[in-house]
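Novice: Just the structure for this:
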Amino acid sequence: MNNINRVVLTGNLTTDPELRATASGTAVCSLRIACNTRRKTSDGQWVDKPNYFTVTVWGGQGESVARYLAKGRPVAIDGRLEWREWDATDGKRQAVEIIADSVQFLGSANGSSGDAEPETEAVAAGADQDIPF
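Specialist: Below is the predicted model:
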């Protein structure tokens, strides 16, 4: 039986995207997003509890994300979870991150809830796809 490792989230960027490149020149962009979960308190009131996630976007799509997105912008992420471990000065560290297969730009660049600019959304959706014609 195959395992399923799929994540779909919508949320807002908590920081501006950080673009860098690997030694071989591949673009990699890091994002932090916040997604709220609604919970009922003991007195019956609904409150939002923020959850924060680290997202990595590779290649041309990462370059587009870094170019067009900024802190506060709503996004939809479709990807997979990946666990990693590294040595730090205070011992071994570990983290679970989201590796994005696609990033959809939601809202508009000025923060309103309208649709994304057509050119921005098109760049994000097709950045890593080959066009056969």
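Novice: and Arg67, which of the three is it?
Specialist: Of the three states, Arg67 takes helix under DSSP: H, G, I helix; E, B strand; the rest coil.
Novice: show me the contacts for Val65.
Specialist: Val65 makes contact with 17, 29, 31, 57, 103, 124, according to C-beta atoms under 8 Å, 6 or more residues apart in numbering. Backbone N, C-alpha and C define where each C-beta goes, glycine included.
Novice: What is the burial count for the residue nearest to Gln94 when sequence neighbours are not counted?
Specialist: Leaving aside its chain neighbours, Gln94 sits nearest to Glu85 (4.5 Å; criterion: C-beta to C-beta, 6 or more residues apart in numbering). Number of residues near Glu85 (other C-beta atoms under 10 Å) recorded here: 8.
Novice: Strand partners (parallel or antiparallel) of whatever helix or strand Glu85 lives in?
Specialist: In the assignment (DSSP states H and E), Glu85 maps to strand 74-88. Next to strand 74-88 in the sheet, as set by DSSP bridges, lie strand 7-13 (antiparallel), strand 91-105 (antiparallel).
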